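In: Starting from these lines, generate the structure:
(chains A and B)
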Amino acid sequence: MLEITNLHATVANGSGGKPILNGLTLKVGAGEVHAIMGPNGAGKSTLAYVLGGRPGYEVTEGSVSFNGQDLLALEPHERAALGLFLGFQYPVEIPGVSFVQFLREALNAQRKSRGEEPLSGGEFLKLAKEKAGLLKLDMDMLKRPVNVGFSGGEKKRAEMVQMGILDPAFAVLDETDSGLDIDALRVVGEGINAIMRRPEKGVLLITHYQRLLDVVQPDVVHVMVAGRIVKSGGPELALQLEEEGYEAVAA
Amino acid sequence: MTELATLPTTRDEDWRYADAEWLAEADLAALVEWKEVVVPAGGALAETSHIVEGGVTRLRVHVGPGARYAHFAINSAGRYARLEIEATLEEGAHFEFGGVTIGGGDKRQEFVTRVLHAHPGATSRQVVRAVQWGRSTGNFLGRIEVAAGAQQTDAAQNFKAILLENGAAANAKPELEIFADDVKCAHGAAIGALDETAGFYMASRGIPPELARKLLVRAFIADAFEAVVDETQHDELLEKALTALDEEVV
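Out: The predicted structure is shown next:
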């Protein structure tokens, strides 16, 4: 359902663009969970931002097709409305806008673009409560401004609550496991399984560690180095990386 | 804000950010008019104003001992729109001001306040937010005067501006004149752009850019109306201010 072909991208850094992605090719089918692992600076977060359409990240070559549509031709909010969800490594704080308001606007904007009726306040709160419960996040936290005053772990859990409410077709999760303690890691991992393990959905999981992959078992593991995939394999590849390190495995 | 005998120009300190061309053609009689408001001892009065037509509005408020006066204003007018408030506070009185300038084109919108802490124990709080685009300008000239003997004065003013486009501008001119030694006076000013990171975060959840901007601007100007007690009135003020954004931003 997601098909990335020979993707090259640069990141604006003041004096023109710095090339980060160098011919990345990857295909994730419906019902599959793929993990991307790789050393710092390999371009994993850049890939996530390019897929999300973040300003300043420019595609210089290649294509991305999402369920047959040219993803790169769409604005970021249009990509979300198509069912693409981006889980942030560093979720953004928005003072003065409550999570409830933010997510209701987001969900109803997505529904509107799909020609669906908006959810009423009551319907939305019921849905939010259910998803917060799934991720063991206190519902009262969703009444607070978006991510303001949240700990690192709470922000990541809130990201998954958002994913639950928006119910995307495809999720790109950028280091959703960083900043989580062991218990929170299990809750988040099980949340990903509950929300995204469906025959019609797909996940691209960017992570440094095996821990999350014990809970969310990937179908395919890719090793990314210097802006491209250098090796792909089954779940055992992640275990091998954990033992031997990136250098030995990627060589 | 002394009485005007001749037309002010932008060389006058209180008018330095005004629209010079507008001033040159102005009618002096319209500039020297004051609306007087008196809040008797122990009383409370809250007023709101929505400035939709250009010109100068002047308000002189006398707040009696232990009394409260609050004014919440939206300035969305052009070409030149100015609201002046002069407040004199007696012992233990409180003055509250929340103002929002919001506009584009070549609009020049400003709030000018002079708060006189004439007696001990009075408090004042002023929060002004400016949202400007096009080639518009939002200004806040806020003067706080603490008279000799006006001990335990607690005065604060805060100004923040968001410039949605290059070419828009904002000016802040805080002035503190303090002749007592046991007082608290705080002021702050900041001018910046809308948070792009927040904009992308919202887009990544499916919120279109116009709606994201509206939510962020709403959150930004809400500070100015935080002290509005009545929730319905609070929301009405926000919506009125945001109408200017809907109507004008392209």
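
In: Would you state the helices of the chain in chain order?
Out: With no chain named, the answer covers chain A. A:44-52, A:76-81, A:99-113, A:121-134, A:152-166, A:182-196, A:211-215, A:236-244, A:246-250 (DSSP state H).

In: should've been chain B
Out: In chain B, helices defined by DSSP H lie at B:20-24, B:28-31, B:196-203, B:209-221, B:231-248, listed in chain order.

In: need the contact list for A:Met224.
Out: Applying CB atoms under 8 Å, 6 or more residues apart in numbering or on different chains to A:Met224 gives the contacts A:24, A:36-38, A:42-44, A:47, A:230. For glycine as for every other residue, the C-beta is placed from the backbone atoms N, C-alpha and C.

In: For it, which non-adjacent residue is closest in space?
Out: A:Gly38 (3.7 Å; CB to CB, 6 or more residues apart in numbering or on different chains).

In: Okay, that neighbour and A:Leu51: tell me how far apart.
Out: For A:Gly38, the distance to A:Leu51 equals 16 Å [CB to CB, to the nearest Å].

In: next one: A:Ser45
Out: 11 Å.

In: The two: which has the busier surroundings?
Out: More neighbours sit around A:Leu51 than around the other of A:Ser45 and A:Leu51, counting by other CB atoms under 10 Å in any protein chain shown; the figures are 25 against 20.

In: I'd like to know how many residues surround the residue nearest to B:Asp106 when sequence neighbours are not counted.
Out: In space, B:Asp106 comes closest to B:Arg135 once its chain neighbours are excluded; the distance is 5.2 Å by CB to CB, 6+ apart. By the criterion of other CB under 10 Å, B:Arg135 has 15 neighbours.

In: Likewise for A:Gln101?
Out: Other residues within reach of A:Gln101, judged by other CB under 10 Å, total 18.

In: for the closest residue to it other than its chain neighbours, what are its contacts?
Out: If you skip the residues right next to it in sequence, A:Gln101 has B:Leu215 as its closest partner in space, 7.4 Å away by CB to CB, 6+ apart. Contacts for B:Leu215 (CB under 8 Å, 6+ apart) come out as A:97, A:101-102, A:105, B:202, B:207.

In: By neighbours, which of those residues wins?
Out: Among the contacts of B:Leu215, B:Met202 has the most neighbours (other CB under 10 Å), with 29 neighbours.

In: who's the residue nearest the centre of chain B bridged to?
Out: Here the mean C-alpha position of chain B is nearest to the C-alpha of B:Gly99 (CA atoms, centre = their mean), at a distance of 3.6 Å. Here B:Gly99 shows beta-bridge partners B:Ala73, B:Val128, assigned using DSSP bridges.

In: can you count the residues close to A:Gly149?
Out: 10.

In: Actually, A:Pro39.
Out: Taking other CB under 10 Å as the criterion, the count of residues near A:Pro39 is 15.

In: ok, now A:Lys126?
Out: Taking other CB under 10 Å as the neighbour definition, A:Lys126 ends up with a count of 11.

In: what does A:Lys201 give?
Out: Counted with other CB under 10 Å, A:Lys201 comes out at 19.

In: Go ahead and confirm B:Tyr201 touches A:Phe88.
Out: Yes. With contact defined as CB atoms under 8 Å, B:Tyr201 counts as touching A:Phe88 (7.0 Å).

In: Tell me the pLDDT of the residue nearest to A:Gln101.
Out: The predicted local distance difference test score for B:Leu215 is 94.

In: How much space separates it from B:Leu238?
Out: If you go by CB to CB, the gap between B:Leu215 and B:Leu238 works out to 11 Å.

In: shouldn't A:Ser7 be in contact with A:Thr46?
Out: Careful, residue A:7 is Leu and not Ser. No. Look at A:Leu7 against A:Thr46 with CB under 8 Å: they stay out of range, at 10.0 Å.

In: any shared contact partners between the two?
Out: Looking at what touches both A:Leu7 and A:Thr46 (by CB under 8 Å, 6+ apart), the common residues are A:Leu21.

In: Would you mark the buried spots in stretch B:125-140?
Out: The neighbour-count check on stretch B:125-140 (16 or more other CB atoms under 10 Å in any protein chain shown) flags B:125-134, B:136-140 as buried.

In: got the CA coordinates for it in CSV?
Out: Extracted as CSV, the C-alpha positions of stretch B:125-140 are listed here (Å, rounded to 0.1, in the frame of the first residue of the first chain):
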residue,chain,number,x,y,z
ARG,B,125,-3.1,44.5,34.7
GLN,B,126,-2.9,45.0,30.9
VAL,B,127,-2.5,42.3,28.3
VAL,B,128,-2.4,43.4,24.6
ARG,B,129,-2.1,41.0,21.7
ALA,B,130,-1.5,42.1,18.1
VAL,B,131,-2.1,40.0,15.0
GLN,B,132,-1.0,41.7,11.8
TRP,B,133,-0.6,40.8,8.1
GLY,B,134,-0.3,42.6,4.8
ARG,B,135,1.4,45.9,5.5
SER,B,136,-0.5,46.6,8.7
THR,B,137,0.9,47.8,12.0
GLY,B,138,-0.2,47.0,15.6
ASN,B,139,1.0,49.3,18.4
PHE,B,140,0.8,49.4,22.2
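
In: gap between B:Cys121 and chain A?
Out: Small correction: residue B:121 is Gly, not Cys. For B:Gly121, the distance to chain A (CB to the nearest CB, to the nearest Å) stands at 32 Å.

In: tell me the contacts of that residue?
Out: With contact set as CB under 8 Å, 6+ apart, B:Gly121 has these partners: B:91-92, B:151-153.

In: Next, give me the two most distant ones among those.
Out: In these, the most distant members under the criterion CB to CB are B:Gly92 and B:Gln151, with 11.8 Å between them.

In: Show me the common contact partners of those two, please.
Out: Contacts common to B:Gly92 and B:Gln151, judged by CB under 8 Å, 6+ apart, are B:120-121.

In: Mind listing what's buried along the lowest-mean-pLDDT helix or strand in chain B?
Out: Counting by mean pLDDT, DSSP states H and E, chain B has its least confident helix or strand at helix B:28-31, which shows a mean of 84. For helix B:28-31, the neighbour count (16+ other CB under 10 Å) marks B:Leu31 as buried.
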